[in-house]
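Asks: coords please:
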Amino acid sequence: MLTGVIRDTLCPMDWTISLIIAAAVFAATLASTGAVLRILRARAILDHPNERSSHTVPTPKGAGIAVVGCIAVTWIAVAWSEPLAGTMSAIIVTALVLAVLSWFDDLRGLSPLWRLLAQVIAVAFVMSLTWAAPLPEHGFFGGWLPGGWDVVVAGLVWVWFINLFNFMDGIDGIAGVETATIGIGVAIVTAIAGLVPLLGLFGITIAAGALGFLWWNWHPAKIFLGDVGSVPLGFLLGWLLLQLAANEQWAAALILPLYYFGDATITLVRRGLRGEKVWQAHREHFYQQATARGLHHGEVVRHILLVDVVLVALAAAAALGWGVAALISAVVVVAWLLFFLSAQTGQKPDKT
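Replies: Down below sits the predicted model:
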């Protein structure tokens, strides 16, 4: 079992080395994103605004090439000397395949069906590694589902997370903030719960990559992540969260991305009930409603960051044994944010 290998084979985390690696990832992502920005501008690979956009100026898209590339190289490098190097290589290669397909989607556009099929195959491939070995004692959902169904439902949740992560990348800074806070949250929960240190290192490095990108993507954004970044990042973050769940930290795994889950799920359910095509681009997410009412991108993202920091703290509380109370508190906090975003009015529309 994948998580069993991770749990049983590694030594305690050296935080000094971890922070050095994270600093290197930050610097590499910062520099490579700047290089990619110059190439995209020269080749006029731009995201042109339309009626569903939250920006008005054509902006280069494709920073995910740098972000995912730096994270992938780091993950493989830090896991190479461990017994799970082969498994991690398979996961990274799968993420890179998704990145390549998503890059074609950025450039030429792929049908929603082909995108979904690729994601399902990617998730099924990695989950097959779970099938090939004994399941974790309590599965991904704390023993609430029988073994086979536990893996199937976990895979479906993973596919949904990949898509919602892509859907939610709609204003400056939001994807970088969400990736960084989830990654840091994974590292904190890993340390508190005494889980395998490599899982925490993966969380720290993906956060560092997101922060390097955020330098360029904070409002007003100089470059966008693109599907080439949001899809594989959703894939990798989903894997990290499933690792927490498989190690009996299911409450923390749910709390950390709860704002994204809440905003995307409620919005898509509403659109589905109205008979709209849920896979089409729109401006109905709660954060998009806030910018449409006049809140600046930076203001909206700062509120999301504030709530994400609270969610990280609540995930840590869940790891300390207050799972139910932390989860209820997280729902209340996210509900407040959704209400705030749907009701708040700013001075003027903010589209850049």
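
Asks: please enumerate the strands of this protein.
Replies: With DSSP state E, the ranges of strands along the chain come out as 46-47, 59-60.

Asks: dump those strands to JSON lines, plus distance to residue 250 and mean pLDDT.
Replies: (Glycine included, C-beta is placed from N, CA and C.) As requested, the strands of the chain are exported to JSON lines (distance: least, Cβ to Cβ, whole Å; pLDDT from 0 to 100):
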{"stretch": "strand 46-47", "distance to residue 250": "37", "mean pLDDT": "87"}
{"stretch": "strand 59-60", "distance to residue 250": "38", "mean pLDDT": "92"}
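
Asks: for this protein, name the helix or strand with the lowest mean pLDDT.
Replies: helix 2-9 (a mean of 42; mean pLDDT, DSSP states H and E).

Asks: spatially central residue in the protein, please.
Replies: Geometric centre of the chain, nearest residue: residue 234, 4.1 Å, by Cα atoms, centre = their mean.

Asks: wait, it sits on residue 160?
Replies: No - the criterion here is Cβ atoms under 8 Å, and residue 234 misses it with residue 160 at 9.7 Å.

Asks: residue 189 touches residue 314, doesn't it?
Replies: No - counting by Cβ under 8 Å, residue 189 does not reach residue 314; the two are 10.6 Å apart.

Asks: quick one: low-confidence parts of the stretch 151-300 of the chain?
Replies: Across the stretch 151-300 of the chain, the ranges flagged by pLDDT under 70 are 278, 281-282.

Asks: let's see it at 90
Replies: Residue ranges of the stretch 151-300 of the chain with pLDDT under 90: 151-152, 167, 169-170, 196-198, 219, 246, 268-286, 288-298.

Asks: so where do the helices sit in it?
Replies: 174-193, 197-217, 227-246, 250-255, 258-273, 286-292, 297-319 (DSSP state H, counting those that start in this stretch).

Asks: looking at those, which is nearest to residue 36?
Replies: Among the helices of the stretch 151-300 of the chain, the nearest to residue 36 by Cβ to Cβ is helix 197-217 (9.2 Å).

Asks: just how off-centre is that closest one within its chain?
Replies: 11 Å (Cα atoms, centre = their mean, to the nearest Å).

Asks: same thing with stretch 32-49?
Replies: That offset, for stretch 32-49, works out to 23 Å (Cα atoms, centre = their mean).

Asks: want to throw the strands of the chain into JSON lines with mean neighbour count and distance to residue 286?
Replies: Putting the strands of the chain into JSON lines (neighbours: other Cβ atoms under 10 Å; distance: least, Cβ to Cβ, whole Å) gives the following:
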{"stretch": "strand 46-47", "mean neighbour count": "18", "distance to residue 286": "22"}
{"stretch": "strand 59-60", "mean neighbour count": "22", "distance to residue 286": "23"}
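
Asks: CSV please, covering those strands and showing distance to residue 264.
Replies: Converted to CSV, these look like this (distance: least, Cβ to Cβ, whole Å):
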stretch, distance to residue 264
strand 46-47, 20
strand 59-60, 23
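
Asks: between those strands, which gets nearest to residue 215?
Replies: Per Cβ to Cβ, nearest to residue 215 of these: strand 59-60, 14.7 Å.

Asks: partners of the closest one, with directions?
Replies: Paired with strand 59-60 in the same sheet, following DSSP bridges, are strand 46-47 (antiparallel).
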